[in-house]
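1. This is a predicted model, with the sequence first.
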Amino acid sequence: MTQGDLPAKRNELRSNVHGKIQSVPYDEFKKTFFPDLPKPSYKLPQRVSSKDAAFLKRKNAPAGLKPPFSSIQACASERKMCTQLTSALNKAKLCDGFTFVSTAFKSDPTDEGKLGADMGLYPDNALAGLRVSNRSGSPIKGRMDWSSVEIVIECKRTAAEGDPFDEAYDDDEANALERHAALGQILLYAKLVLSRQQRTHQYMILFIGLDARIVRIDRSGLVATERFPYVDDPRLEEFLRHYAAMPRSARGHDTTAVRLEPGSEEMERMKAAADEDGVAEYVRKQFKDTLNEAHPWWKLTVTDESSEGTTKPRQRHFLVAKPHFEAAGVVGRTTRGYIGLEWEDDKGAEEGGSSTKKTGTTPRKNTLVFLKDAWRVDSVAIDKEGATLQVLHKEKVRFVPTLLCHGDVPDQNTSVTVDLWEENYPEEKPLKLHQHYRLVVEEVGKPLDKMKSGADLLTAVYCALLAHSKAYEKGIIHRDISAGNILLYENSRGHLVGLLSDWELSKKLSDQTETGRQPDRTGTWQFLSVHALDNPARTITVQDELESFFHVILYHAVRLLPHNIPTCMVPQFLHDYFDDYTRFPHMAHARCGPTKRSAMTAGRLNTLQTNTLQFFWTDESKQVIAAYHPLNKLITTLLSWFKAYYSLPRLSNKLPAPKAGSGIVPGSSGILAKLFEEEEKEEEDKLNSGAPANPSQPKVEKQEDVETQAKKLETQAKKLETHRAMLTVMKKTLKEQWPPVPDAVKDEKPPFGWKPAADLVPTGSKRTSQLAGNDASGRACKKSKA
């Protein structure tokens, strides 16, 4: 993420938390998040007025009697605020074992965006990494370190300039543009903390002039205290003393993740594994790319639920480095994918007991595996992904990942945030309960954008479609077909095939309902069907999924194959087709954009120059030698089916013709009847005399009635009711001649997408459409508290 991409990322993160923010009084915040804390061993100093504090300061009164912020004054700049606050906080010695560091002047060198919070609370043992040279200085200054910061602290001179929250609005979000930017800023900081650390939640402090807010963020949402004064008020001091005394888990650290020390046996083992034989070259390369020592490396524990017959789930440990994949956002599933290596401690084999029967498989020695770390939606209506993979494996469904182990991370969920919302707003339930979850599979794939040819692309999608069809026959629908969930994979014979992964949102067909299951369904906007985009509550059908497969093919073909869209126009085409949306004032939800809708309903793909999209055959030098490509016919065929499918509802809505004699016929009498009679007689006389009929009279062709049109369209649309027709046409296409050399070209998608002049929703984002409680502008409205 570079500096130029920051505005787009801020917008994306704000969209991610929209409708999931709540502001509460400090006492309610304290009661909710620190209910079981023992009374502190210290005694808060007696409070005195600022006037008395100034007197005591002059008289050199004991530090414990003076409020820690008594010397703070309103500042003309954020830099001055930062200097005052860092000095005051450290002098007060509120957090044993921690130090407040001013980091506004030096960014984290591992952060491409060069971001640095104004201040941060850091463990004393991390100060060396911040290059703090004078720990007794005033203020203490250092460089930002997102991998070790405990609490991110941001300073804003006034509320108008930087308070991201506003209780005057029902959704507690400020409305001014500058304050919008402030919310995006702190969310960027939160995302960086979540990316570099293993966190269940995190706290932040906002200093806004002489007021403060405390913020807590987890995967269900964001909770902020109402703004309160801190100069002569004990609340902030109380929070900080409590925070320093809390165990690591209460401060938001995942205790099942152990950070590896440089030079440790585990790190050396990972480096050696990157050069060992026994795995595909592309897997080794991808693993090597994650071994960046500027980022933390971890040992992650998986509580294995895949084994049967054990008295206690087995604990398995995996070594991972930088994420191979990371989802956007700070709220939601926030999936991270790692390429890792299993590590067995001396006691590892016995930990959790032995297994008498395993439904998963044990990894081969030194084999690299794929570990998925996510916060799944915790609902009785949703099976765990590992359980679904076990069923698919038992049913011998091919081209799906092979499960090694999976399980929930004990005692790590977001129930406290969800409960707080439902206590305050019992009539609305927009927040989902998320449970921390890990899953490990045998196969390590590579993304579709690493394809070398159009044949690679269609082969992978065909395999994924075949897996989808077999799972559907067994009563399971995937419900999240997207570019990231179809992978290229080299099987044991060295053949490149496709893999349909990420079954987290899959559902049993027997559990399908007429309306959507979740209060807000998060999906990959770019690949959802027109129907799914227009109706977030819609139950996903096989037609929706087949359309998503089509969008995946088109997305990568336009990016990576030669065609007739000028290179300079490809970014805008990708935006218009995949990212664009339509919104009207009376609609609470964004709808499908016009370009995708037009393609599906008209059965035609136009370039920005109004030409029909066409792919080309190229030679070894990537020069076009023929206006032909097997994908052209495939795309045309599939579009004709989608056009028929989307046309049928419109035809069925046409009203029947009225009964004979139930209306009037204006031309049957009066002046019109006389005029018609005269015109008809004149034409008849011309014909009898041999004169030509009126040349301006067009020939009227008989039009098909609605019923005939519907029957023809039904025949085409029925091809989308099952997978058979699409599999058949793909198989036929794969049997045609393809370019004999790799025909993939340089990716024509810019790294951060097309940047339009208007403030549109950014490329690559995940859209979440709220189903209830939105006003005409789309802002979530919370009703009165209970």
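-> Received the coordinates, thanks. All of these numbers come straight from a predicted model, not from anything done at the bench. Numbering: from 1, shown residues only.

2. and the closest residue to Lys450 other than its chain neighbours, how many neighbours?
-> Distances taken as Cβ to Cβ, 6 or more residues apart in numbering put Leu488 closest to Lys450, at 6.3 Å, once the chain neighbours are dropped. Every C-beta, even on glycine, is put in place using the N, C-alpha and C of the backbone. Counted with other Cβ atoms under 10 Å, residues neighbouring Leu488 total 22.

3. Now name the helix or strand holding Leu488.
-> strand 486-490 (DSSP states H and E).

4. pLDDT on that strand, on average?
-> For strand 486-490, mean pLDDT is 96.

5. what's the distance between the helix or strand following it and the middle of its chain?
-> Next in sequence after strand 486-490, counting helices and strands by DSSP H and E, comes strand 496-500. Relative to its chain's centre, strand 496-500 lies at 23 Å (Cα atoms, centre = their mean, to the nearest Å).

6. for stretch 394-405, same thing?
-> Offset of stretch 394-405 from its chain centre (Cα atoms, centre = their mean): 25 Å.

7. and what of stretch 556-568?
-> On Cα atoms, centre = their mean, the centre of stretch 556-568 falls 26 Å from that of its chain.

8. now the angle from the strand holding Leu488 to strand 496-500?
-> When axes from the mean of the first three to the mean of the last three Cα atoms, to 10 degrees is applied, the directions of strand 486-490 and strand 496-500 differ by 140 degrees.

9. in its sheet, what does strand 486-490 sit against?
-> Strand 486-490 pairs in its sheet with strand 446-447 (antiparallel), strand 496-500 (antiparallel), by DSSP bridges.

10. Number of residues surrounding the closest residue to Asn413 other than its chain neighbours?
-> Computed as Cβ to Cβ, 6+ apart, the closest residue to Asn413 that is not its neighbour in sequence is Gln435, at 4.6 Å. Using other Cβ under 10 Å, Gln435 is surrounded by 18 other residues.

11. neighbouring contacts of the helix or strand harbouring Gln435?
-> When elements are assigned from DSSP H and E, Gln435 belongs to strand 434-441. The contact list for strand 434-441 (Cβ atoms under 8 Å, 6 or more residues apart in numbering) reads 200, 218-220, 254, 300, 302-303, 316, 318, 332-333, 340, 369-378, 384-386, 389, 401-409, 412-414, 501.

12. still on that earlier bit, so what's the residue nearest to Lys450 up against?
-> Counted by Cβ under 8 Å, 6+ apart, Leu488 has contacts 445-448, 450-451, 456, 460, 496-499.

13. buried subset of these?
-> Among these, those classed as buried by neighbour count (16 or more other Cβ atoms under 10 Å) are 445-446, 448, 451, 456, 460, 496-499.

14. what are the ranges of the helices in the stretch 51-200 of the chain?
-> 78-92, 159-162, 177-196 (DSSP state H, counting those that start in this stretch).

15. What residues sit buried inside stretch 398-407?
-> In stretch 398-407, counting by 16+ other Cβ under 10 Å, buried: 399-401, 403-407.

16. er, stretch 172-184 actually
-> Quick answer for stretch 172-184 (16+ other Cβ under 10 Å): 172-174, 179-184.

17. Tell me the spatial nearest neighbour of Leu509, not counting adjacent residues.
-> Gly475 (4.8 Å).

18. cool, and Phe642?
-> Met600 (4.8 Å).

19. Which of the three states applies to the one you found?
-> helix (DSSP: H, G, I helix; E, B strand; the rest coil).

20. By mean pLDDT, which helix or strand of this structure comes out lowest?
-> strand 767-768 (a mean of 38; mean pLDDT, DSSP states H and E).

21. mind checking the end-to-end distance for stretch 437-451?
-> End-to-end distance for stretch 437-451, by Cα to Cα, to the nearest Å: 30 Å.

22. ok, and what's touching stretch 594-612?
-> Contacts of stretch 594-612 (Cβ under 8 Å, 6+ apart): 529-530, 533, 547, 551, 554, 564-566, 569, 572-573, 576-578, 580, 582, 613, 635, 639-640, 642-644, 646-647.

23. what element comes up after the one helix or strand Ala272 maps to heading to the C-terminus?
-> Using DSSP H and E, Ala272 maps to helix 265-273. Using DSSP H and E, the helix or strand that follows helix 265-273 in sequence is helix 281-290.

24. Appreciated, that's everything.
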